[in-house]
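In: structure for the following, please:
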Amino acid sequence: MKLLRVFLLLLISTAPVALSAQTLESRKNLAFQPGEQLRYKLKYGFVTAAEATLNVEESDVRFDNNPVYHLIAQGKTAGTFDFFYKVRDRYDSYIDRTELTPYLYTENIRESDYKRTDKVRFYQDQKKIVASRGTFKGTGQTFDLVSAFYFARSLDLTGIRVGEKLTMNYFLKDEVSPLSIQYLGKERVKTSLGYFNCLKFSPAIQPGRIFKKDSKLYLWISDDGNRIPVKAQVEILVGSVTLEISGASGLKYASSASKR
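Out: Here you go, the predicted structure:
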C-alpha cells in the first residue's frame, strides 16, 4: 500500500525550485504560521482511500541554538481500505524559522504488519545527512518530504514563466533525489471548499511499480498568499489517484476560495 507515500510525494511536488536563501528572503512574509492545519483526501478513482493532515506548531526545541517550527504530517487509510490494509503514518520535521531548511526529520510508519521508524539529522552547512542507516552527502539545500513542501510555499514565484522547468533536491529512502517540475500557467479549480485561482504545475515522474510510462502528474496551487495545494491528479498503473483539499484552518491569510 503506497498511496500515502504517493500522497506526500504529490505534496512536495508543489515545491517547484531549490532556490538560494537570498530568493527565499525576498519574500518577507511566510505563507504559513503556527496553528495552521491543512486536511486532504486521497481518492483512488471515486473512492476515498486515505486522509491526511498537515500541522504547523510552535516548538521549544532548539538546534544550534536556533528556534524552529515543528511540522507534522499524518496519514491514514479510510473506508474499506482501512479494513483490509490499515495504515497509520506520521512524519515530523523541525525546520529553521528563517531559512526553513530542516534540522531533524523522523518517520513512524505503520502499514498493516509492516513497521518502520527512521531519524534523519541534516547538517546543511556541512552538506551532510546522518540517517539511521548511514551518513549521506547533501547537495546544497536538501530537504525532507515535509520541509520541502513548506519551503516551497514561501518562495517568490513572481517572475516564473510558462514552460519554465525548475529543480529541487530532497532526501528519501537513503538517497538524495532531484525533482524537476514545469510551470504550465494559471487555471481556476473547483474543490469542496469552493473555487480557487491556481498556479498549475506538472512534475516529472518516473515510471515503475506505481506510474505508467506515459503518466502525467498535474498540481494546482492557490494563487494567493497562502500558496496551498488544492488539487493533484495522476494516472497510475490501474486507475487514477486524486488529491483534494478538504479543510483548512489557522491560515495566515484569508482564504481566496469563492462560491463561483
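
In: distance between stretch 135-142 and the chain's centre?
Out: Relative to the chain's own centre, stretch 135-142 is displaced by 19 Å; criterion: Cα atoms, centre = their mean, to the nearest Å.

In: pull out the buried residues from it.
Out: 136, 138, 141-142 (16 or more other Cβ atoms under 10 Å). To be clear about C-beta, it is placed using only N, CA and C from the backbone, and glycine gets the same treatment.

In: and what of stretch 93-101?
Out: 93-96, 100-101.

In: just the CA atoms of it, as PDB, please.
Out: Provided in PDB are the C-alpha atoms of stretch 93-101 (Å, rounded to 0.1, in the frame of the first residue of the first chain):
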ATOM      1  CA  SER A  93      10.200  17.800  10.600                       C
ATOM      2  CA  TYR A  94      11.900  20.500  12.600                       C
ATOM      3  CA  ILE A  95      12.900  23.500  10.400                       C
ATOM      4  CA  ASP A  96      14.800  26.700  10.900                       C
ATOM      5  CA  ARG A  97      12.400  29.600  11.300                       C
ATOM      6  CA  THR A  98      14.400  31.800   8.900                       C
ATOM      7  CA  GLU A  99      15.900  29.500   6.300                       C
ATOM      8  CA  LEU A 100      13.000  26.900   6.500                       C
ATOM      9  CA  THR A 101      15.600  24.200   6.000                       C
END
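
In: quick one: average confidence on it?
Out: For stretch 93-101, the per-residue pLDDT values average out at 93.

In: what residues does it touch?
Out: 21, 24, 30, 59, 61, 63, 66-71, 73, 102-106, 122, 124, 141-147, 150-151, 154 (Cβ atoms under 8 Å, 6 or more residues apart in numbering).

In: buried only: go through those residues for me.
Out: Here, 16+ other Cβ under 10 Å leaves 24, 30, 63, 68-71, 73, 102-106, 122, 124, 141-147, 150-151, 154 buried among the contacts of stretch 93-101.

In: run through this protein and note the low-pLDDT ranges.
Out: In the predicted model of the chain, residues 1-28, 205-215, 237-239 satisfy pLDDT under 70.

In: can we see that at 80?
Out: Scanning the chain for pLDDT under 80 picks out the ranges 1-29, 139-140, 155-158, 165-170, 172-173, 177-181, 203-216, 234-240.

In: mind listing the strands for it?
Out: Under the criterion DSSP state E, the chain carries strands at the ranges 37-44, 47-63, 66-77, 88-96, 102-111, 114-123, 128-131, 134-137, 165-172, 175-191, 194-203, 217-222, 229-235, 240-249.

In: any idea which of the ones you listed gets closest to R260?
Out: Between R260 and these, the tightest spacing by Cβ to Cβ is seen for strand 194-203, at 6.2 Å.
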